[in-house]
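1. requesting a structural model of the entry that follows:
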Amino acid sequence: MRYFLIRAAIIAAGVWLASEIIPGVAVRDTGTIILAALVIGLLNATLRPIFLLLSLPLTIVTFGLFVLVVNAAIFGLAAWFLPGLSIAGFWPAVFGALVISLVSWAISMALTDEA
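-> Sure, this is the predicted structure:
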């Protein structure tokens, strides 16, 4: 449970940054950011593995770039569930998912112990 909450906090930072720098991604308030992080975390834990398995041939053909489309679909699905999170289309969803992934990667790398 602790790991899930840490991941949710990292995703919340990514959602906030995406809403600040990507035109077409809008978040109503801080509560929506927290709910979006929880929903994205749940979707990543449940649906993302299924999507990745079903899209494996496309992922192989595109050398892994199709994973961005899967991430955008998860981000768009979260926006569909939450009324306070809006995404204006496919490209804002892709760039927003990319920002969330990069922020998640950077914070995770900063938090790991290299002892």
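2. shaky segments in this protein?
-> 113-115 (pLDDT under 70).
3. quick one: the helices in the chain, in order.
-> 2-21, 30-46, 48-54, 56-61, 66-81, 90-111 (DSSP state H).
4. most tightly packed of these?
-> Of the helices of the chain, the one with the most neighbours on average (mean count of other C-beta atoms under 10 Å) is helix 66-81, at a mean of 19. Backbone N, C-alpha and C define where each C-beta goes, glycine included.
5. quick one: it to helix 2-21, angle?
-> Helix 66-81 runs at 90 degrees relative to helix 2-21, counting by axes from the mean of the first three to the mean of the last three C-alpha atoms, to 10 degrees.
6. quick check: angle from helix 66-81 to helix 30-46?
-> Going by the same axes, to 10 degrees, helix 66-81 makes 130 degrees with helix 30-46.
7. what angle sits between helix 66-81 and helix 90-111?
-> 100 degrees.
8. without its sequence neighbours, what residue ends up closest to residue 89?
-> Nearest residue to residue 89, sequence neighbours excluded (C-beta to C-beta, 6 or more residues apart in numbering): residue 24, at 6.3 Å.
9. swap that for residue 81, sorry
-> residue 39 (5.6 Å).
10. contacting residues for the one you found?
-> Residues counted as contacts of residue 39 (C-beta atoms under 8 Å, 6 or more residues apart in numbering) are 78, 81, 82.
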